[in-house]
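In: quick one, what's the 3D model for this:
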Amino acid sequence: MDKLKQLETFVSVATRGSLTAAARAESVAPAIIGRRLDALESRLGVKLLVRTTRRISLTHEGSAFLEDCQRLLTDLSNAEASVSAGGVKASGHLRITAPAGFGRRHVAPLVPRFRDLHPEVTISLNLSDRVVDVAGEGYDCAVRVGDLPDSSLVSVRLADNRRLCVAAPAYLQRRGTPATPADLARHDCLTLSSDASQTRGWAFSMPVDGGEAGAREVHYLRPGGPLDCSDGQVLHEWCLSGLGLAWRSTWEVEADIQAGRLQSVLDVAAPPNGIYALFPQRKHLALRVRLWIDFLKHEYGRAAYWAGR
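Out: Numbers count the residues shown, from 1 in each chain. Below you'll find the model as predicted:
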């Protein structure tokens, strides 16, 4: 059985949520989809999906494999498009959405540079901290920061995103410095009220109770406080004003830490999550969308890009 077809089938089932939906998309019987998945799991020697009569869910290994498969299939599609496109220029209208704070700093400045490379492409950029329905609202690509919810969208990881718990020196002098994540319950925490980010809460890497020496696991906390806001930039400004502790990305607060305006506390942050480009699953990705994602991946992949930002 064709290995590529097995991978395509696995991605289709995982993103569509059922064998029936994947079979309908290919106009084949669900039994054929099932045999492909069985062959893939047998070849890999690992369970990728938990299948019941009501639903399909990914195993831990399946979740990791899905991201790799999506990236491989996207790269293959891009390679084929590069050959078939030949000298064809990108054109048409590109609709992009991104979180407001990150978009202002790291998406909007790149848009004119992308247009310099592809002048026949016109671009609309939406900056919002709400969760945008990418496919339903007609967007070609979304830039997302943080953990991704289960979605039928295809994701491409562009860069790592590390977050820190920070506060202004004046706040720490007034209220003290938390020593453990549990101490956050006694502090004023500035939280994001939007569903766009921090969907699981503030993440900390903690020792495993009763586990082996050095073993750690990620714990998520949802601290409360007197102030919350749907705009991350406002939280940043409140934090600088000494109004409380905030959970912010390094790209947002690193310069403030270096200048002494903020201090990092609780040095037990979880491993970095990601900065992603998301787009609806399509058989043929428009050249302008593919080039935009490649452009972001190249820019964010340069160490010099993040220096001093």
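In: so which helix or strand takes in residue 90?
Out: Counting by DSSP states H and E, there is no helix or strand that carries residue 90.
In: surely it touches residue 123?
Out: No - applying CB atoms under 8 Å, one finds residue 90 not in contact with residue 123, separated by 11.2 Å. For the C-beta atoms, the positions are set from N, CA and C on the backbone; glycine is no exception.
In: all strands for the protein, in order.
Out: Using DSSP state E, the strands of the chain run over 49-51, 56-58, 92-98, 121-127, 141-145, 154-161, 163-167, 189-192, 202-207, 216-221, 228-229, 245-249, 263-265, 273-279.
In: in the longest one, what's buried?
Out: Of all the residues in strand 154-161, those buried under the rule 16 or more other CB atoms under 10 Å are 154-159, 161.
In: just checking, what packs against it?
Out: The contact analysis (3 or more CB pairs under 8 Å, 6 or more residues apart in numbering; DSSP states H and E) places strand 154-161 against helix 60-85, strand 141-145, strand 273-279, helix 287-300.
In: and the shortest one, C-alpha only, in PDB?
Out: Right, strand 141-145. This file holds the C-alpha atoms of strand 141-145, laid out as PDB (Å, rounded to 0.1, in the frame of the first residue of the first chain):
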ATOM      1  CA  CYS A 141      -3.800  32.300   6.700                       C
ATOM      2  CA  ALA A 142      -3.800  32.900  10.400                       C
ATOM      3  CA  VAL A 143      -0.700  33.500  12.600                       C
ATOM      4  CA  ARG A 144      -1.300  32.000  16.100                       C
ATOM      5  CA  VAL A 145       0.900  32.200  19.200                       C
END
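In: now do it: which elements does it pack against?
Out: Judged by 3+ CB pairs under 8 Å, 6+ apart, strand 141-145 is in contact with strand 92-98, helix 100-106, strand 154-161, strand 273-279, helix 287-300.
In: picking that back up, mind putting the strands of the chain in TSV, distance to residue 27 and mean pLDDT included?
Out: Below are the strands of the chain laid out as TSV (distance: least, CB to CB, whole Å; pLDDT from 0 to 100):
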stretch	distance to residue 27	mean pLDDT
strand 49-51	21	84
strand 56-58	20	84
strand 92-98	29	92
strand 121-127	34	92
strand 141-145	28	90
strand 154-161	21	87
strand 163-167	45	90
strand 189-192	44	88
strand 202-207	43	76
strand 216-221	42	75
strand 228-229	48	86
strand 245-249	44	90
strand 263-265	55	92
strand 273-279	24	88
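In: what would these look like in JSON lines with distance to residue 178?
Out: Shown next, in JSON lines, are these (distance: least, CB to CB, whole Å):
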{"stretch": "strand 49-51", "distance to residue 178": "39"}
{"stretch": "strand 56-58", "distance to residue 178": "35"}
{"stretch": "strand 92-98", "distance to residue 178": "31"}
{"stretch": "strand 121-127", "distance to residue 178": "32"}
{"stretch": "strand 141-145", "distance to residue 178": "24"}
{"stretch": "strand 154-161", "distance to residue 178": "22"}
{"stretch": "strand 163-167", "distance to residue 178": "8"}
{"stretch": "strand 189-192", "distance to residue 178": "10"}
{"stretch": "strand 202-207", "distance to residue 178": "11"}
{"stretch": "strand 216-221", "distance to residue 178": "11"}
{"stretch": "strand 228-229", "distance to residue 178": "19"}
{"stretch": "strand 245-249", "distance to residue 178": "7"}
{"stretch": "strand 263-265", "distance to residue 178": "6"}
{"stretch": "strand 273-279", "distance to residue 178": "22"}
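In: for residue 134, find the nearest of the ones you listed.
Out: Among the strands of the chain, the nearest to residue 134 by CB to CB is strand 141-145 (4.7 Å).
In: tell me the buried residues in the closest one?
Out: Using 16+ other CB under 10 Å as the test for burial, strand 141-145 gives 141-145.
In: that strand pairs with which strands?
Out: Sheet partners assigned to strand 141-145 using DSSP bridges are listed as strand 92-98 (parallel), strand 273-279 (antiparallel).
In: tell me which of the ones you listed sits most buried.
Out: Each of those was scored by mean neighbour count; the highest is strand 273-279, a mean of 21, by mean count of other CB atoms under 10 Å.
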